[in-house]
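1. How does the following fold in three dimensions:
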Amino acid sequence: MKSRYLKKIVCIITAFVLCVTPVMMPGASADYLDAKYNSPVPFIHIKGLMTSDVYLDVSDPDAGTAYPPDVNNILKKVGKIIPALFALGITRNYNKFADTYIPALKDALEPWFLNEKGEPSDNSGAINKYPPASQLKKNSMLWFDYDWRLDPIELAKQLNDYINYVLDATGCSQVNLEGHSFGNVILMTYCGIYGTSKVRGALFNASAANGETFTAELC
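-> Residues are numbered from 1 along each chain as shown. Reported below is the predicted structural model:
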């Protein structure tokens with residue numbers, strides 16, 4: 001009996017940590033992009049999941065971001081469930097704990113949600129920063145920012161537009177692409193829809209190439 005209760009508590013704490021940790025993490029960066037890049041074509045790095053800022057209003061970046069969220073705001077929301085977590089340890093009343101935890105979690109994550117059509121609401125989204133064409137060179141190393149909440153097919157279209165911009169600016173006919181994590185899903189979707197004629201080389205970094213079925217089997 002004690003083992004069953006302990007297992008439940010561990011599951012709740014683990015779920016809490018998994019929910020809170022991503023929102024507390026800053027966007028990941030790759031130090032190797034600071035290294036010298038010698039290639040006759042530009043290099044485009046397609047970021048992984050949750051590594052691009054999602055702005056509350058793309059037309060007004062100063063309004064703040066939905067992701068990463070304001071740390072002080074998150075700490076206030078976490079503080080609201082701490083008493084309920086302590087009470088759970090005493091009462092073992094999981095339903096009562098859920099009455100506090102679930103609304104608090106929904107309130108914390110709601111700015112990330114899409115509408116019922118799967119589209120961003122309130123003009124939220126990522127800003128894909130196109131560098132000035134005059135600054136682009138054949139050996140430029142670039143980041144592709146995107147709204148990771150969107151369908152990979154839409155993101156592949158945005159990547160195609162970005163690649164065309166880079167090619168026009170540099171006079172090159174191809175680029176090198178690297179995908180990291182979820183970025184590989186976008187890379188593979190791009191190749192599946194638009195082909196590989198504009199791709200000189202592709203690097204799959206931490207790719208989920210075998211799909212989520214394979215991941216589920218590992219768990």
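
2. Least confident secondary structure element in this structure?
-> Lowest mean confidence among the helices and strands of the chain (mean pLDDT, DSSP states H and E): helix 211-218, at a mean of 54.

3. Please, which helix or strand holds the most centrally placed residue in the chain?
-> Centroid check for the chain by CA atoms, centre = their mean gives Met50 as the closest residue, at 1.9 Å. Assessed by DSSP states H and E, Met50 sits outside every helix and strand.

4. shouldn't it be in contact with Ala66?
-> No - taking contacts as CB atoms under 8 Å, Met50 lies outside contact range of Ala66: 11.3 Å. (Glycine included, C-beta is placed from N, CA and C.)

5. Do you know the pLDDT at the residue nearest to Phe97 when sequence neighbours are not counted?
-> Excluding its sequence neighbours, the residue lying closest to Phe97 (CB to CB, 6 or more residues apart in numbering) is Leu88, at 4.3 Å. Leu88 carries a pLDDT value of 88.

6. Can you give me the separation between Leu88 and Asp99?
-> Separation of Leu88 from Asp99 (CB to CB, to the nearest Å): 11 Å.

7. Compare those two (neighbour count), which wins?
-> Between Leu88 and Asp99, counted using other CB atoms under 10 Å, the more crowded position is Leu88 (20 against 12).

8. what helix or strand does that one sit in?
-> Short version, using DSSP H and E: Leu88 is in helix 71-91.

9. just checking, what packs against that helix?
-> Here helix 71-91 touches helix 2-24, helix 94-109, going by 3 or more CB pairs under 8 Å, 6 or more residues apart in numbering; DSSP states H and E.

10. what's the angle between that helix and helix 94-109?
-> Here helix 71-91 runs at an angle of 170 degrees relative to helix 94-109 (axes from the mean of the first three to the mean of the last three CA atoms, to 10 degrees).

11. in helix 71-91, what counts as buried?
-> Within helix 71-91, the residues that count as buried by 16 or more other CB atoms under 10 Å are 77-78, 81, 84-85, 88.

12. Output the below-cut-off pLDDT ranges for this protein.
-> In the predicted model of the chain, residues 1-37, 209-219 satisfy pLDDT under 70.

13. could you redo the last one with a cut-off of 50?
-> Low-confidence segments of the chain (pLDDT under 50): 23-33, 215, 219.

14. in what helix or strand does Ile44 lie?
-> Counting by DSSP H and E, Ile44 is part of strand 43-46.

15. Export that strand to PDB, keeping only CA atoms.
-> Extracted in PDB, the C-alpha atoms of strand 43-46 (Å, rounded to 0.1, in the frame of the first residue of the first chain):
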ATOM      1  CA  PHE A  43      24.700  26.800 -43.700                       C
ATOM      2  CA  ILE A  44      21.300  27.000 -42.200                       C
ATOM      3  CA  HIS A  45      20.700  25.500 -38.700                       C
ATOM      4  CA  ILE A  46      17.100  24.500 -38.000                       C
END
